[in-house]
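>>> Sequence first, predicted model second:
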Amino acid sequence: MKPNERVRAVYGRRRPDQVPLILDLSHWYKKNNNVPFNLAGYTAVDPGLVALHKQIGAVSYVEMGGFYSLVSDDPEVKLESSTAGGVFTTRITTPEGSIHEERVFNPASYSYGIRKYLLESPNDFAVVERLMANLKAKPKWDYYRSWQEALGDLAYPYVQLPYSGSGYLMARYMGVENTVYAMLDEPEKVARLVAAVNACNLRILDTIIDGPFETLFISDNYDSNVQTRKYFDAYARAHYTEVARRVHAKGKSFAVHVDGESRGALGWLAECGVDCADALTPSPMFSHSAAQMRAEAGPDLILSGGIPATVFGAMGSDQAFIDSVRRWLDTRLTSPRLLMAAGDQVPPDAPFHRIAMLPELVDKYGRY
């Protein structure tokens, strides 16, 4: 089977000849090749990143830039972003006020840390609600097809829906502490904002749903340590369930980016009809082993991930890396709903020889 045919088989509830290998190599590639990193994302195919995926033989599925643009049809609403002096700024201006976020580039980690959150209190919510009421999506399917053409058999691009209302607050624009305070102090305002974000995202989904993609992706960075069952039920469950319903009605699949503690959350996602939990990191970084993740998720949820960054990166050993890969691949014997990936992006300090080991390891230990 071709590499992307294996991914397609897993999503189609068929058993491939071996576990698919998919990787997000974008962060490693930029750091180790001194490629300028702009949070606005790719706007054209990067031949160097394509060449790296072809060298490794790993399917590329995320971090290719946006396959649609978001615009406001209200002249009084502005959504702007800019990068200057290593600071990426996002600003929203409406008649209700102006708010902005600042993220600062760190050359050591090759990433942008949040210096100032977009939302500082519920007093800022009205600005976001006005924006969400007026955002429209304009698809860029020619751009999607350009990545497909460049990657060939290694192409399986996910199309990303913006953060859900839950992820918008907790994981992205307000932070854990301020979100918790807001939930306790102003629960009605929090519920109204979450509803506004989710309603906007469903309109975006309706605009793009007939596009050429096969899997829809929400990068909510879910973490059950802070986004507890009560939080999930109140702010995430209904939205995930509705997204899954609409996507499945079109014969497509739905993946959620976890990228935190998954204990508990795997079962919740499965209950909503989510097809794939992405960015799963087993112990020792988080609580569950690969086998425990599969037991909690049940046989139908696709598990995508498997390698802790502490093992993949320079702090780990080759043997620990191999052992981690084998433990993940062993779960295929319980269910073929499995993708071999990193715990998220391949960490920028990962030795190249470990990345290059993966195809051989999957071929040796991941066959059916």
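That came through fine. These numbers come from a predicted model, not from an experiment.

>>> Contact partners for the closest residue to Ser219 other than its chain neighbours?
Nearest-residue entry for Ser219: His257, 4.1 Å, with adjacent residues in sequence omitted and distances by C-beta to C-beta, 6 or more residues apart in numbering. From N, CA and C alone the C-beta is placed, and that goes for glycine too. Each residue near His257 by C-beta atoms under 8 Å, 6 or more residues apart in numbering is listed here: 217-222, 278-279, 344.

>>> mind running it again at 6 Å?
219, 278-279 (C-beta atoms under 6 Å, 6 or more residues apart in numbering).

>>> With Leu339 instead?
20, 22, 304.

>>> Quick check: phi and psi on it?
Backbone torsions of Leu339, given as degrees, to the nearest 10, read phi -130, psi 130.

>>> pLDDT at the nearest residue to it once chain neighbours are set aside, what is it?
Spatial nearest neighbour of Leu339, excluding adjacent residues (C-beta to C-beta, 6+ apart): Ser304 at 4.0 Å. Ser304 is assigned a pLDDT of 98 by the prediction.

>>> Tell me if Ser304 really is in a strand.
Yes. Under DSSP: H, G, I helix; E, B strand; the rest coil, Ser304 sits within a strand.

>>> what about it, distance to Gly167?
18 Å (C-beta to C-beta, to the nearest Å).

>>> sorry, back to before: name whatever forms a beta bridge with the residue nearest to Ser219.
Asp278 (DSSP bridges).

>>> how much space between it and Ile204?
To Ile204, His257 is 17 Å away according to C-beta to C-beta.

>>> do Val346 as well
In terms of C-beta to C-beta, Val346 sits 29 Å off from Ile204.

>>> between these two, who's got more neighbours?
Shown here are Val346 and Ile204; by other C-beta atoms under 10 Å, Val346 has more neighbours (27 against 18).

>>> can you pull the contacts of the more buried one?
Counted by C-beta under 6 Å, 6+ apart, Val346 has contacts 23, 25, 28.

>>> just the buried members of those?
Buried subset of these (neighbour count, 16 or more other C-beta atoms under 10 Å): 23, 25, 28.

>>> Excluding chain neighbours, what is closest to the last one?
Beyond its immediate neighbours in the sequence, the residue positioned closest to Trp28 (C-beta to C-beta, 6+ apart) is Val346, lying 4.4 Å away.

>>> Need phi/psi at the one you found.
For Val346, the backbone dihedrals (degrees, to the nearest 10) come out as phi -60, psi 120.

>>> returning to what we had before: list just the nearest of the contacts of Leu339 to Leu184.
Ser304 (34.0 Å; C-beta to C-beta).

>>> In this structure the closest one contacts Thr281, no?
No. The pair Ser304 and Thr281 does not pass the contact test of C-beta atoms under 6 Å, sitting 10.9 Å apart.

>>> buried ones in the host helix or strand of Ala356?
Remark: Ala356 resides in helix 352-365, with elements defined by DSSP states H and E. Of all the residues in helix 352-365, those buried under the rule 16+ other C-beta under 10 Å are 354-355, 357-359, 361-362, 365.

>>> Same check on stretch 271-288?
By 16+ other C-beta under 10 Å, the buried positions in stretch 271-288 come out as 272-282, 286, 288.

>>> Off-centre distance for it?
12 Å (C-alpha atoms, centre = their mean, to the nearest Å).

>>> Kindly report the same for stretch 62-82.
Stretch 62-82 sits 18 Å away from the centroid of its parent chain (C-alpha atoms, centre = their mean).

>>> How about stretch 281-295?
19 Å.

>>> what sits up against that stretch?
Stretch 281-295 is contacted by residues 261, 263, 303, 305, 308, 310, 327-328, 331, 334, 343 when judged by C-beta under 6 Å, 6+ apart.

>>> now swap in stretch 71-78 and tell me
93-95, 131, 134-136.

>>> strand partners of the worst-scoring helix or strand of the chain on mean pLDDT, parallel vs antiparallel please.
When the helices and strands of the chain are scored by mean pLDDT, DSSP states H and E, strand 78-84 comes last with a mean of 92. Taking DSSP bridges as the criterion, strand 78-84 forms sheet pairs with strand 87-94 (antiparallel).

>>> one step back: between the buried residues of helix 352-365, which is nearest Met315?
Met315 lies nearest to Arg354 out of these, by C-beta to C-beta, at 11.9 Å.

>>> Quick check: that closest one vs Arg237, distance?
Counting by C-beta to C-beta, the gap from Arg354 to Arg237 is 38 Å.

>>> Report the separation between the residue sitting nearest the centre point of the chain and Pro187.
Geometric centre of the chain, nearest residue: Ser219, 3.3 Å, by C-alpha atoms, centre = their mean. Distance, Ser219 to Pro187, using C-beta to C-beta: 26 Å.

>>> check contacts around Arg354.
Phe321.

>>> Let the chain start at 50 from now.
With 50 as the first residue, the last one maps to Arg403.

>>> Which is the succeeding secondary structure element to whichever strand or helix holds Asn247?
Assigned by DSSP H and E, Asn247 belongs to helix 236-257. Following helix 236-257 in sequence order, the next helix or strand is strand 264-267 (DSSP H and E).

>>> List the contacts of that following strand.
Residues outside strand 264-267 that contact it (C-beta under 6 Å, 6+ apart): 207-210, 213, 296, 302-305.
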